[in-house]
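**Q** here is my input, please return the structure:
(2 chains)
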Protein chains: 2
Amino acid sequence: MSASAATVMERDTLLSQQDGAPVEIINPYGDSKIVLVCEHASNLVPLHLSNLGLTPDQLNSHIGWDLGARDLAVRLSKALNAPLVAARFSRLVYDCNRPPEALSAMPHETEVCLVPGNEGISNEERLARAEEIYVPFHRAVSDVLRHKRRAGIDPIVVTIHSYTPVFKGEKRDVEIGYLHADDDRLSKALEYFSTYGTSYNIRLNEPYAPVDGVLHSIEKHLEDGSFDYVMIEVRNDLLQDEDKHSAIFSLLSKCIPEAVSSLDDQLS
Amino acid sequence: MSASAATVMERDTLLSQQDGAPVEIINPYGDSKIVLVCEHASNLVPLHLSNLGLTPDQLNSHIGWDLGARDLAVRLSKALNAPLVAARFSRLVYDCNRPPEALSAMPHETEVCLVPGNEGISNEERLARAEEIYVPFHRAVSDVLRHKRRAGIDPIVVTIHSYTPVFKGEKRDVEIGYLHADDDRLSKALEYFSTYGTSYNIRLNEPYAPVDGVLHSIEKHLEDGSFDYVMIEVRNDLLQDEDKHSAIFSLLSKCIPEAVSSLDDQLS
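**A** Predicted coordinates:
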């Protein structure tokens, strides 16, 4: 490590100074027991990867990130006073919700196009992306969970995602999905509180389910200690219009605390 | 706020998504009472400001940032388990150790050259830089201090800076400076512990002093509650060689805790 090694021009790692950190912790001192996680928050590509050979329109579509997810997560972080761990680079650079050994962690194709910058990448490049993006992302999640536990708080993990209304030509009717593995308590509580008085099409384990590998982040951190959790999926057409976005935000900012409280009641 | 407003091409604020956040909190849950601050940690310029019309060599010199300061601060953050608040953009874009009304917050000239991107900037641009860089930087410092106090800890603020060995043609003999305003307790304790057994030329309130306006960050946060503090200035030739950098790091990582402990002893 030499101070003079960091310049505006040099690069000897994947991420340059201009790129900045791979992960941000928003509201790190928020005192809620809820910890928000947003793995697909950004469509940013590190400068030297030249947008992975994709066009801005491609990167700005759902293949590059979960449209609207970061905005929703940031609003929830503020409303619930909950820490939020958000990735700063596109899922196509490294999908933080996938383990390094998964091909989908750095996919060379999506359902709509190839990803030129991911075709035939070397093991060295794969390792660099994992070490510089995936590892620090999950270290940040671990840090937040450890901080909660040290404060005597049992954390609850809520991950925020969005999905495309049409996937491989098929229209999806489900509007909000609560995803869970074996422990369905928080998902069912959320389903209960959020269906009351609303007309959203809400389902459990749709449009994805654990078998799709989408609970990686949650399962990874469950290895270090149990916690209640839910993965929230919102159909992205409901997050791309200010009024619709606000309606989803209002629903979730009300129902998440209600569902969490109901778990506490079950315990006592 | 619309989710679709954030694209890889658009920009309606100073900082784009590519630029990332203006401030980073490193080790936010570090349990030390020490809070490290590094206002001149970066020589980065937001993309749309086109390097302020400066060359990479100019930006990489001491006019762009405090050479070696971030590396030193990050090492201290780890060694002391102390949170570190570090700016992510060059002091020439906005000097977070200066109030918005100071011309030196966005200087149109340095002692060695003009800064084209800062000449004749509009009030609107000055306000945008203050709001998007200075305000969040100091909000982050406030957040860390509040977090410490809520945990029942009286924080101690240590800011990390470096300076050029030759300034306006004059060679500077001082190698380490401890800067203070009225409250000189921590500076004097550090002077005491760090001069013992070392041959560094160490001085109080050199090469800068409060009259130069360099204690802005500290004085700003003292308005919200008292704390012990010191501004540490290291001559940057001692931070640009790995061995010299390590020697300074070893000295400070040993002496800062000693000096802090001695203040506790005085109190008890």
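
**Q** what sits closest to A:I26 if chain neighbours are left out?
**A** A:L84 (4.2 Å; Cβ to Cβ, 6 or more residues apart in numbering or on different chains). C-beta: built from backbone N, CA, C; applies to glycine.

**Q** wait, what's in contact with that neighbour?
**A** Neighbour list for A:L84: A:I25, A:I26, A:N27, A:G30, A:V35, A:L36, A:V37, A:C38, A:A73, A:V74, A:L76, A:S77 [criterion: Cβ atoms under 8 Å, 6 or more residues apart in numbering or on different chains].

**Q** need those in a markdown table (columns: distance to A:L222).
**A** Shown next, in a markdown table, are the contacts of A:L84 (distance: Cβ to Cβ, whole Å):
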| residue | distance to A:L222 |
| --- | --- |
| A:I25 | 20 |
| A:I26 | 23 |
| A:N27 | 23 |
| A:G30 | 22 |
| A:V35 | 13 |
| A:L36 | 17 |
| A:V37 | 13 |
| A:C38 | 18 |
| A:A73 | 20 |
| A:V74 | 25 |
| A:L76 | 22 |
| A:S77 | 22 |
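
**Q** tell me which of these fall in strands.
**A** A:I25, A:I26, A:V35, A:L36, A:V37, A:C38 (DSSP state E).

**Q** wait, what's in contact with the fifth one?
**A** Applying Cβ under 8 Å, 6+ apart to A:V37 gives the contacts A:L84, A:V85, A:A86, A:V141, A:V157, A:V158, A:T159, A:I160, A:S217.

**Q** from chain B, how far off is the first one?
**A** Yep, that's A:L84 we're talking about. According to Cβ to the nearest Cβ, to the nearest Å, A:L84 stands 13 Å off from chain B.

**Q** look up which residues are beta-bridged to that residue.
**A** A:I26, A:L36 (DSSP bridges).

**Q** got it, and the fifth one?
**A** With beta bridges defined as DSSP bridges, A:V157 has these partners: A:V35, A:Y229.

**Q** contacting residues around it?
**A** Contacts for A:V157 (Cβ under 8 Å, 6+ apart) come out as A:I34, A:V35, A:V37, A:L145, A:I218, A:H221, A:F227, A:D228, A:Y229, A:V230.

**Q** where does the spatially closest residue to the third one that is not a sequence neighbour sit: helix, strand or coil?
**A** To tie it back to what came earlier, the one meant is A:V37. Closest residue to A:V37 apart from its sequence neighbours, by Cβ to Cβ, 6+ apart: A:T159 at 4.4 Å. Following DSSP: H, G, I helix; E, B strand; the rest coil, we place A:T159 in the strand state.

**Q** could you report the neighbour count for the residue in the stretch 51-200 of chain A positioned nearest to chain B?
**A** Taking Cβ to the nearest Cβ, chain B has its nearest neighbour within the stretch 51-200 of chain A at A:G68, 3.2 Å off. If you count neighbours by other Cβ atoms under 10 Å in any protein chain shown, A:G68 ends up with 27.

**Q** which residues of the stretch 151-268 of chain A lie near chain B?
**A** A:N236, A:L239, A:Q240, A:D241, A:E242, A:H245 (Cβ under 8 Å from any Cβ of the partner chain).

**Q** repeat the analysis, applying 7 Å as the threshold.
**A** A:L239, A:Q240, A:E242, A:H245 (Cβ under 7 Å from any Cβ of the partner chain).

**Q** A:A69 is in contact with the last one, correct?
**A** By that I understand A:H245. No: between A:H245 and A:A69 there is no contact under Cβ atoms under 7 Å: 10.8 Å.

**Q** higher neighbour count, these two?
**A** Taking other Cβ under 10 Å, A:H245 and A:A69 do not tie; A:A69 has more neighbours (26 against 21).

**Q** excluding sequence neighbours, find me the nearest residue to the more buried one.
**A** In space, A:A69 is closest to A:S162, 4.7 Å off (Cβ to Cβ, 6+ apart).
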